[in-house]
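Engineer: Just to be clear, the model below is a prediction. Sequence and coordinates:
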2 protein chains.
Amino acid sequence: MEKIVFGVDVGGTTVKIGLFTESGTLLKKWEIPTRTEDSGKYILPDIADSVLGAMEADGYTKKDVIGVGIGTPGPVDGMGYVHKAVNLGWDYFNLEDTFHNLVDLPVRAGNDANVAALGEMWKGGGQGFQDIVAVTLGTGVGGGIIVREHLVAGANGAAGEFGHMHIEDAETLACNCGGKGCLEQYASATGIVRLATRRLSKDEMPSMLRGKDFTAKDVWDAVKAGDQVAIDVAESFGYYLGKGLSMVASVTNPEAFVIGGGVSKAGEIIFQYTKPYYEQYTFSSTRDVKFLLAQLGNDAGIYGAARMVLS
Amino acid sequence: MEKIVFGVDVGGTTVKIGLFTESGTLLKKWEIPTRTEDSGKYILPDIADSVLGAMEADGYTKKDVIGVGIGTPGPVDGMGYVHKAVNLGWDYFNLEDTFHNLVDLPVRAGNDANVAALGEMWKGGGQGFQDIVAVTLGTGVGGGIIVREHLVAGANGAAGEFGHMHIEDAETLACNCGGKGCLEQYASATGIVRLATRRLSKDEMPSMLRGKDFTAKDVWDAVKAGDQVAIDVAESFGYYLGKGLSMVASVTNPEAFVIGGGVSKAGEIIFQYTKPYYEQYTFSSTRDVKFLLAQLGNDAGIYGAARMVLS
């Protein structure tokens, strides 16, 4: 019988848990609430109860289970230490050791964005590649670096934090991080809305975006409809994202960028505006990269968490 | 008896070979010529003869030897394939397999700059760290990324090529690579001379650099002597290098930057001009990084090559 592995994705309100075969078939998934009270002290025991309960219910013994992978918000280093996870109430501690003591199974832990990158490599948009960079374009910009099928955690568990890469000297507005000109200020969903607002105020060019509240999705819909203002915004977005990814390529020389998050729902059109700038700014020896869409959505975390245990 | 390991650093004119104990003591080192004629077909057989000859001379059998690590110019991917090495006459082939067939010992191969980074981590400026980025400021700018004591090769063997990171939009002169505004145009020895030439032509401020040919070393000597023109150049250098390293930090979140190459001979003073810009542009969670000087000089390659075989 094929062995099984658990993938756990801890979020601020719910914990997603997936039960996988070692070859990556998702047998079942479920959620439990994230109890953040009392400095998050119930979170890991709750997960342990749920995992052990699922094993018992389905008749698995510890010999059948390869281990449990856990992705959580906040930095997690390569030794399994959480450096801080404000949303969960957690401070510095070793998540792997702590959870191992609760379940007596092998445990691996990682930052949720990094873990999701591993999931996309395993069973999502990055399947078939070993060296990928996953980029999440959501409310902010996050990411994860996979080198030869292994997640790069970074010294403080903050590898892949390229949302705060400094990309524009001329920016006057501050980013959430306190810096100015971060990639996140242009390539996130909120960044796209800000770019569009700026573009609209520049002149009187007619646009379907004028005179209403709009989202990043509305901007991409307008691009697809041929709206010139929206197309200008897409060019700006592509310039910043392409330039940012050229920096990333010069560091780890990936085979593929796998782009996910809400903004990626606009589809391949985002690559049409990003690739020309990426190619313009990237050195020849690292330029040859695939641009792919993420495929696993919110399940990337449980897939990647499970995959962590297998390497 | 402690086992031994060979570290080989292939250069355009000579091949350096080091014989190490597995704990990293350099027992002896020597050089042989690099015969680049006939598409470099003699290079690997020459190295094999030299390695096997050294074993025989010192009474080592194959059981005593852990393996042979080889660093070469040009991209080498994680599977041991050389993608091209123009200086050596080599095209695409598997260096590890080819050399293994000559010596019947375990073989690991890597790009020379990446391998030197591993050497600095093992026995040089980066000792005691697992996650470092090595930067070589020489005629050009090269580097290597070490993640948890392993070299990151990259999909095409071109990881750590951040000399061609695009760092200045306003540049009008082309870099050797064909791009404009590459980090190498400001942070290399030639880049520093160019920055100084530009600064001198801007106004008439007196400077010890005026009216003569000067090198990057002369510029740093002038900085140390309090020459204001040279200090302005050091500020520009620090701005570009600091900003470039902030990009690198946002990707792999290293513990330390280990800076080598000719420019680093100026000493810690280069950090005095680099760190403030690095800190200004780097996100808080990846900002805490040590700046260290490389220590192994031209021996970094043989140390790193040997270390590759041990992991």
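Structural biologist: Looks like it arrived, so ask away. Numbering: from 1, shown residues only, chains lettered A, B, ... in the order given.
Engineer: Enumerate the residues of the stretch 201-311 of chain A near chain B.
Structural biologist: Applying C-beta under 8 Å from any C-beta of the partner chain, one finds that the stretch 201-311 of chain A approaches chain B through A:243, A:246-248, A:250-255, A:281-286, A:288-289. For glycine as for every other residue, the C-beta is placed from the backbone atoms N, C-alpha and C.
Engineer: In PyMOL, how would I select just the buried ones from the residues you listed?
Structural biologist: To isolate the buried ones among those in PyMOL, judged by 16 or more other C-beta atoms under 10 Å in any protein chain shown, type:
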select buried, chain A and resi 243+246+247+248+250+251+252+253+254+255+281+282+283+285+286+289
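Engineer: residues contacting the residue of the stretch 201-311 of chain A found nearest chain B?
Structural biologist: Closest to chain B within the stretch 201-311 of chain A is residue A:253: 2.7 Å, counting by C-beta to the nearest C-beta. For residue A:253, the contacting residues are A:131, A:285, A:286, B:153, B:154, B:155, B:156, B:157, B:158, B:159, B:160, B:161, by C-beta atoms under 8 Å, 6 or more residues apart in numbering or on different chains.
Engineer: And residue A:310, by the same measure?
Structural biologist: A:5, A:22, A:66.
Engineer: run the last query once more with 10 Å
Structural biologist: A:3, A:5, A:20, A:22-24, A:66-67, A:69, A:108, A:118, A:122, A:149 (C-beta atoms under 10 Å, 6 or more residues apart in numbering or on different chains).
Engineer: Disregarding flanking residues, what is the spatial nearest neighbour of residue A:145?
Structural biologist: Nearest residue to residue A:145 in three dimensions, chain neighbours excluded: residue A:152, at 4.1 Å (C-beta to C-beta, 6 or more residues apart in numbering or on different chains).
Engineer: Any figure for the gap between the one you found and residue A:6?
Structural biologist: 23 Å (C-beta to C-beta, to the nearest Å).
Engineer: ok, back up a step: keep only those of the residues of the stretch 201-311 of chain A next to chain B that are in helices.
Structural biologist: Among these, the residues falling in helices (DSSP state H) are A:243, A:246, A:247, A:248, A:250, A:251, A:252, A:281, A:284, A:285, A:286.
Engineer: Give me the local confidence score for the most centrally placed residue in chain A.
Structural biologist: Centroid-nearest residue in chain A: residue A:113, 3.5 Å away (criterion: C-alpha atoms, centre = their mean). pLDDT, residue A:113: 93.
Engineer: Which strands or helices does the worst-scoring helix or strand of chain A on mean pLDDT pack on?
Structural biologist: Every helix and strand in chain A was compared by mean pLDDT, DSSP states H and E; the lowest is helix A:284-287, with a mean of 89. If you count contacts as 3 or more C-beta pairs under 10 Å, 6 or more residues apart in numbering or on different chains; DSSP states H and E, helix A:284-287 packs onto helix A:228-252, helix A:269-281.
Engineer: Any idea how far the longest one is from the middle of the chain?
Structural biologist: Here helix A:228-252 shows a centroid-to-chain-centroid distance of 18 Å under the convention C-alpha atoms, centre = their mean, to the nearest Å.
Engineer: other SSEs contacting the helix or strand that contains residue A:7?
Structural biologist: Using DSSP states H and E, residue A:7 sits in strand A:4-10. When contacts are defined as 3+ C-beta pairs under 10 Å, 6+ apart, strand A:4-10 sits against strand A:14-21, strand A:26-33, helix A:43-58, strand A:65-72, helix A:95-103, strand A:107-111, helix A:112-123, helix A:300-309.
Engineer: so what's the closest residue to residue A:178 other than its chain neighbours up against?
Structural biologist: Nearest non-adjacent residue to residue A:178, counting by C-beta to C-beta, 6+ apart: residue B:284, 7.7 Å away. Each residue near residue B:284 by C-beta under 10 Å, 6+ apart is listed here: A:156, A:158, A:161, A:164, A:177, A:178, A:179.
Engineer: Tabulate these (TSV), appending neighbour count.
Structural biologist: Below are the contacts of residue B:284 laid out as TSV (neighbours: other C-beta atoms under 10 Å in any protein chain shown):
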residue	neighbour count
A:156	23
A:158	26
A:161	29
A:164	28
A:177	16
A:178	10
A:179	20
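Engineer: Return the list of strands paired to the strand holding residue A:7, each annotated with direction.
Structural biologist: Strand A:4-10 pairs in its sheet with strand A:14-21 (antiparallel), strand A:65-72 (parallel), by DSSP bridges.
Engineer: Specify the angle between it and strand A:107-111 in degrees.
Structural biologist: Interaxial angle, strand A:4-10 versus strand A:107-111 (axes from the mean of the first three to the mean of the last three C-alpha atoms, to 10 degrees): 30 degrees.
Engineer: Quick one: distance of strand A:4-10 to the chain centre.
Structural biologist: 16 Å.
Engineer: between that strand and helix A:112-123, how many degrees?
Structural biologist: Going by the same axes, to 10 degrees, strand A:4-10 makes 140 degrees with helix A:112-123.
Engineer: What average pLDDT does strand A:4-10 get?
Structural biologist: 97.
Engineer: Just the CA atoms of that strand, as CSV, please.
Structural biologist: Below are the C-alpha coordinates for strand A:4-10, written out as CSV (Å, rounded to 0.1, in the frame of the first residue of the first chain):
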residue,chain,number,x,y,z
ILE,A,4,0.5,8.7,3.1
VAL,A,5,1.6,12.2,4.0
PHE,A,6,-0.2,15.2,5.6
GLY,A,7,0.0,18.7,4.3
VAL,A,8,-1.1,21.5,6.6
ASP,A,9,-1.6,25.2,5.7
VAL,A,10,-2.1,27.4,8.7
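Engineer: before we move on, the earlier item: as CSV, the helices and strands packed on helix A:284-287 with mean pLDDT would be great.
Structural biologist: Output for the helices and strands packed on helix A:284-287, formatted as CSV (pLDDT from 0 to 100):
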stretch, mean pLDDT
helix A:228-252, 97
helix A:269-281, 97
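Engineer: Using a markdown table, lay out these together with distance to residue A:221.
Structural biologist: Output for the helices and strands packed on helix A:284-287, formatted as a markdown table (distance: least, C-beta to C-beta, whole Å):
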| stretch | distance to residue A:221 |
| --- | --- |
| helix A:228-252 | 8 |
| helix A:269-281 | 10 |
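Engineer: Deepest in the core, which of those helices is it.
Structural biologist: helix A:228-252 (a mean of 24; mean count of other C-beta atoms under 10 Å in any protein chain shown).
Engineer: I'd like the next helix or strand past it.
Structural biologist: Downstream of helix A:228-252, the next assigned helix or strand under DSSP H and E is strand A:256-260.
Engineer: picking up where we left off before, what's the residue nearest to residue A:145 in contact with, if anything?
Structural biologist: Counted by C-beta under 10 Å, 6+ apart, residue A:152 has contacts A:78, A:110, A:114, A:117, A:133, A:144-146, A:159-160, A:252, B:131, B:145, B:147-148, B:152, B:251-253.
Engineer: Closest approach to chain B from the stretch 1-150 of chain A, which residue is it?
Structural biologist: residue A:131 (4.7 Å).
Engineer: Which single residue of the stretch 51-200 of chain A ends up nearest chain B?
Structural biologist: Counting by C-beta to the nearest C-beta, the stretch 51-200 of chain A gets nearest chain B through residue A:154, at 2.7 Å.
Engineer: what's the pLDDT at the closest residue to that residue other than its chain neighbours?
Structural biologist: Spatial nearest neighbour of residue A:154, excluding adjacent residues (C-beta to C-beta, 6+ apart): residue B:253 at 2.7 Å. If you check residue B:253, the pLDDT there is 96.
Engineer: what do you get for the one 4 residues further on?
Structural biologist: Residue B:257 is assigned 98 on the pLDDT scale.
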